[in-house]
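>>> what's the 3D shape of this:
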Amino acid sequence: MLSLDDEDVVAGIAVDPDKEPYSGGPIGDVFAQLRASPPRQTPFALVDGDRVVGFIVAREGAALPVWAEKGCMTLNNLRIDTRLQGRGYGKAAIRLAAQWIARERPIVTHVMSSVNVGNLAAFNLNLACGLTPTGQIVEGRLGRQRVMIAPIGRLCRDQAGSTSTRSL
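Predicted structure coming up:
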C-alpha cells in the first residue's frame, strides 16, 4: 500500500504513451488527482522482488464513481510496466487488490471496474480475472466505458496465467 506522497515509488513504471491515458494519464497527474479527491482511495504498487512492476488504485465510499453499486469498491488506474506485460502481473494486481479488499473491508461484496470501449486489452484482462460486463455503458474521461463487476471471492482466486508470487 502506498501513501499519497509515494508517487516516486511508481514513477519508473514504463507506460506505452498511446495507452497511458487509459490508466489515468501521467503518474504525476494520477497522484495529483488522488490528493485532490475525496478520501477513501488506496493506491498500491505491485512489487516483484525489489522491482516495482505495476500500480492500481482501490476506491470506496465518497471516492466511488457515480456508476458504482452499493457495497462495492472499484479498481482503477491499473498500469503494468510495458517491458513486463504478458507475464501475469495484471492478473496478479487485480487478485492481490481484491484479496486486500476482502481482508481489510470484509463488508464489501463486489468489485467493479470501468474499461474504455477502445481498450480491448484491459477488457480482456478484466474478463480473464472474472469481472463480467454489466451491460451498462457510461461516459468517462476518455469517452464510453464498459462497466464490469465480480463478486469479491471470484477475484481473490488464482487465475490461469496469473503470477502467484507477487505482492502489493
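
>>> would you mark the buried spots in stretch 7-21?
Under the neighbour-count criterion of 16 or more other CB atoms under 10 Å, stretch 7-21 has 7, 9-10, 13, 15, 19-21 buried. C-beta: built from backbone N, CA, C; applies to glycine.

>>> for stretch 77-97, same thing?
Residues 77-81, 84-85, 87-97 are the ones in stretch 77-97 that count as buried (16+ other CB under 10 Å).

>>> got it, and stretch 121-134?
By neighbour count on 16+ other CB under 10 Å, the buried set for stretch 121-134 is 122-123, 125-126, 128-131.

>>> quick one: the helices in the protein, in order.
Along the chain, the stretches classed as helices by DSSP state H are 7-10, 27-36, 89-104, 120-129, 152-156.

>>> distance to G140 added to the ones you listed, as TSV?
Supplementary listing: the helices of the chain in TSV, determined by distance: least, CB to CB, whole Å:
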stretch	distance to G140
helix 7-10	22
helix 27-36	13
helix 89-104	19
helix 120-129	12
helix 152-156	21
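
>>> any chance of the ones you listed in JSON lines, with mean pLDDT and distance to E139 too?
Compiled in JSON lines, the helices of the chain are given as follows (pLDDT from 0 to 100; distance: least, CB to CB, whole Å):
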{"stretch": "helix 7-10", "mean pLDDT": "91", "distance to E139": "28"}
{"stretch": "helix 27-36", "mean pLDDT": "91", "distance to E139": "18"}
{"stretch": "helix 89-104", "mean pLDDT": "94", "distance to E139": "24"}
{"stretch": "helix 120-129", "mean pLDDT": "94", "distance to E139": "17"}
{"stretch": "helix 152-156", "mean pLDDT": "93", "distance to E139": "26"}
